[in-house]
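Trainee: Here is a sequence together with a model predicted from it:
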Amino acid sequence: MGDPSGIGPEIIAATLADPSVTALCRPLVLGDRGAMERGIAVAGVDLAIVSAPDLIPPAAAAPGTLYLRELSTLNADQMEYGRPTPAGGDACYRYICEAARLCMEGTAAAMATAPINKESLNSAGHHFPGHTELLAELTGGHEVVMMLAGERLRVTLVTIHEALSRVPELVTFERVLSTIRITNASLSRWFCRAPRLAVLALNPHCGEGGMFGDEESRIIAPAIAQARAEGIDATGPLSADTLFHFACEGGYDAVVCMYHDQGLIPLKLLHFDDGVNVTLGLPIIRTSVDHGTAYDLAGTGRASAASMKAALVMAAGMAQTVQEI
Ligand SMILES: NC(=O)c1ccc[n+]([C@@H]2O[C@H](COP(=O)([O-])OP(=O)(O)OC[C@H]3O[C@@H](n4cnc5c(N)ncnc54)[C@H](O)[C@@H]3O)[C@@H](O)[C@H]2O)c1
Ligand SMILES: N[C@H](C(=O)O)[C@H](O)COP(=O)(O)O
């Protein structure tokens, strides 16, 4: 359900009231009854909550029902709109843990997450930068890669939630290579055969022959060479300022980016409404919205549910692919 003080509950309600989404999957919300009742009212949709402590939603669920596993009972203070609280952060943590457990044991085919507030997660004593890192730990410590995807562009990140000042030291041969490998393996499995990957430079103009940095020749180019030797169609290092234009025109299936904003600014510019965040490398399927808790909009009914819908549709599609393999 994500952060009870944000837009999560209302965009979930809008999503589950859309028959084109529920035609593809049997959703079970892990969350809080009070927050979901309020979300349904804010979204202005007609949904009846069915309590599902152990129940899995039936294949022929009655239209207009929302199956809810109640993992918290927050009071009004603890879910006040626009304010992160430790109780809300702890509740989010429990929703995520239970979703991971259901996916790991095979009861659920996939999870799609609504946004959390990282400050409230951490204030509750759960010291993770986001879902991605928490899920990596909960599912066995696999190396994971954050991908954000839309129709026109997919980006994956070598470094994720890091201070910009630390990025150069974190862009290592091993990290670049493993991001390329995981991107290639995951895209091949879920999205396209033999993906064409563009790998970005870190510095302007690829370092301009060493004038503006040498990570390209020292680290990124050798990692690309190794990936190519393994049969991966990776090209680069390429200058970030121009590459996105060509990627959007269909030149590449994904762009491997060195840091968060290098990839997420172009992605959200093009796909803020319908982009999906996918965690690659996990043993389970996890998708998410491409936006945050939007405290400024929570409770107004003005938040778009398009990314939440896209996240569910993508998760259902990925789960279908698994069944067909
Ligand atoms: N998947 C996630 O859990 C996730 C993703 C991104 C950010 N966050 C967290 O969310 C919190 C707030 O982050 P932020 O302010 O940088 O980003 P944000 O996405 O919450 O908000 C940025 C801007 O986009 C608008 N916006 C966001 N979602 C929208 C929607 N569905 N419809 C219309 N407008 C929307 C907001 O009103 C705001 O103006 C932070 O704690 C951040 O870490 C969580
Ligand atoms: N970096 C993501 C974004 O800006 O959309 C976001 O913070 C999500 O992180 P998790 O999926 O790890 O919570």
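Mentor: Thanks, I have it. Worth saying up front: this structure is predicted, and the values here are computed from it rather than measured. Ligands and ions are numbered 1, 2, ... in the order given.

Trainee: Could you use CA atoms for every contact and neighbour count after this?
Mentor: Noted.

Trainee: Would you map the strands across the chain?
Mentor: Applying DSSP state E to the chain gives strands spanning 28-32, 48-51, 65-72, 111-113, 145-149, 154-157, 197-200, 234-238, 254-257, 276-280, 286-289.

Trainee: list the helices and strands the last one packs on?
Mentor: With contacts defined as 3 or more CA pairs under 8 Å, 6 or more residues apart in numbering; DSSP states H and E, the secondary structure elements packing on strand 286-289 are strand 111-113, strand 276-280, helix 306-324.

Trainee: Can you list the strands that it pairs with?
Mentor: strand 111-113 (parallel), strand 276-280 (antiparallel) (DSSP bridges).

Trainee: I'd like to check which residues are in contact with the closest residue to Ala310 other than its chain neighbours.
Mentor: Residue nearest to Ala310 in three dimensions, not counting chain neighbours: Asp274, with 6.0 Å by CA to CA, 6 or more residues apart in numbering. The contact partners of Asp274, taken as CA atoms under 8 Å, 6 or more residues apart in numbering, are Gly150, Asp290, Ala306, Ser307, Met308, Ala310.

Trainee: ok, now which ones touch the nearest residue to Ser186 once chain neighbours are set aside?
Mentor: Spatially, and ignoring its direct neighbours in sequence, Ser186 is nearest to Leu280 (6.3 Å; CA to CA, 6+ apart). When contacts are counted by CA under 8 Å, 6+ apart, Leu280 is found next to Val144, Val145, Met146, Met147, Ile182, Thr183, Ser186.

Trainee: do Pro115 as well
Mentor: For Pro115, the contacting residues are Met1, Gly2, Asp3, Gly6, Ile7, Gly8, Ser288, Val289, His291, Gly292, Thr293, by CA under 8 Å, 6+ apart.

Trainee: Could you dump the strands of the chain into a markdown table with mean pLDDT and distance to ligand 1 added?
Mentor: Supplementary listing: the strands of the chain in a markdown table, determined by pLDDT from 0 to 100; distance: least, CA to the nearest ligand atom, whole Å:
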| stretch | mean pLDDT | distance to ligand 1 |
| --- | --- | --- |
| strand 28-32 | 97 | 15 |
| strand 48-51 | 94 | 23 |
| strand 65-72 | 96 | 18 |
| strand 111-113 | 98 | 7 |
| strand 145-149 | 98 | 10 |
| strand 154-157 | 98 | 14 |
| strand 197-200 | 98 | 23 |
| strand 234-238 | 98 | 27 |
| strand 254-257 | 98 | 17 |
| strand 276-280 | 98 | 7 |
| strand 286-289 | 98 | 5 |
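
Trainee: distance of the nearest residue to Asn184 once chain neighbours are set aside from ligand 2?
Mentor: For Asn184, ignoring the flanking residues on the chain, the nearest one in space by CA to CA, 6+ apart is Pro195 at 6.3 Å. Distance of Pro195 to ligand 2, given as CA to the nearest ligand atom, to the nearest Å: 23 Å.
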